[in-house]
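Engineer: requesting a structural model of the entry that follows:
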Amino acid sequence: MIIYTIAVFLLAGLAEIGGGYLIWLWLREGRPFYLGMLGGLALALYGVVATFQTFPSFGRVYAAYGGVFIILSVLWGWGVDKKTPDLYDWVGAVICLIGVSVMLWAPRQ
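Structural biologist: Next up is the predicted model:
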């Protein structure tokens, strides 16, 4: 169950960040229009993929995904934009990961 949850969050994050990045390239850097269209499709895919989570609460899933999104964004910036994260980026990412874990897997009644 945990691996499935992580896989869905990663796929959703890649679709959202990748889609936003393609639109950024089109609008901000003058790249071809088709990149913007592909970005829009990726963003639509993100909206669908996120619904594959098995948790019953929309709000909790999206709040937890927000933490995953932050971590993936730091990694995207490092890998794609070649902006090395500093100590505070990593500390913030770890805090988010802890928060996501508490939200999703804390024992509830």
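
Engineer: now L25: which helix or strand?
Structural biologist: Using DSSP states H and E, L25 sits in helix 2-29.

Engineer: show me what that helix is packed against.
Structural biologist: On a contact count with 3 or more CB pairs under 8 Å, 6 or more residues apart in numbering; DSSP states H and E, helix 2-29 meets helix 33-49, helix 58-79. Placement of C-beta: from N, CA and C, glycine included.

Engineer: buried set for the longest one?
Structural biologist: I take that to be helix 58-79. 61, 64-65, 67-74, 76 (16 or more other CB atoms under 10 Å).

Engineer: which of the residues you listed lies closest to A12?
Structural biologist: Y65 (6.5 Å; CB to CB).

Engineer: for that closest one, what are its contacts?
Structural biologist: Each residue near Y65 by CB atoms under 8 Å, 6 or more residues apart in numbering is listed here: 9, 12-13, 50.

Engineer: what about 10 Å?
Structural biologist: For Y65, the contact set (CB atoms under 10 Å, 6 or more residues apart in numbering) comprises 8-9, 12-13, 16, 46, 50, 53, 72, 100, 103-104.

Engineer: any idea how far E16 is from M103?
Structural biologist: 19 Å (CB to CB, to the nearest Å).

Engineer: the more surrounded of these two?
Structural biologist: E16 (21 against 17; other CB atoms under 10 Å).

Engineer: does that one touch I70 like I think?
Structural biologist: No. Counting by CB atoms under 10 Å, E16 does not reach I70; the two are 11.8 Å apart.
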